[in-house]
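Visitor: Output the structure for:
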Amino acid sequence: MTETTSSESIRCMVDDDFPEDLDGLSTAELHVLHSRVVMQLDHEYLELEDPHPVTMDRHACVARLLRMREAHPVRLQAG
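Guide: Alright, predicted model coming up:
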């Protein structure tokens, strides 16, 4: 059995819901969101020649938060 995923479902399109509180996402969820935004950004560059301002803003916000988390990782303590 082969599962097919359309490109629309793996991209974070301009009209898609976007989390208001990115800080509330886990790092794994943030990486998934980043991947979806980058796929949309790539699509817009290839198909529209210029990315949509919303996509650019989303990419900047997600990438900034990922950089901050990588620079200051949270260490979990055993309880």
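
Visitor: May I have the secondary structure class of Val32?
Guide: Classification of Val32 by DSSP: H, G, I helix; E, B strand; the rest coil places it in helix.

Visitor: right, I mislabeled it, should have said Val62
Guide: Counting by three-state DSSP, the backbone at Val62 sits in helix.

Visitor: and what of Glu20?
Guide: Under the three-state scheme (three-state DSSP), Glu20 adopts coil.

Visitor: ok, now which ones touch Ala71?
Guide: For Ala71, no contacting residues are found, by C-beta atoms under 8 Å, 6 or more residues apart in numbering. Bear in mind the C-beta positions are built from the backbone N, C-alpha and C, glycine included.

Visitor: List the backbone torsions phi and psi for Leu25.
Guide: Main-chain dihedrals, Leu25, degrees, to the nearest 10: phi -90, psi 150.

Visitor: wait, it sits on Phe18?
Guide: No - using C-beta atoms under 8 Å, Leu25 is not in contact with Phe18, being 11.1 Å away.

Visitor: residue nearest the centroid of the protein?
Guide: The centre of the chain sits closest to His34, judged by C-alpha atoms, centre = their mean, with a distance of 2.2 Å.

Visitor: Name the nearest residue to it, ignoring sequence neighbours.
Guide: Val62 (4.7 Å; C-beta to C-beta, 6 or more residues apart in numbering).

Visitor: Give me the residue ranges of this protein where confidence is low.
Guide: 1-8, 74-79 (pLDDT under 70).
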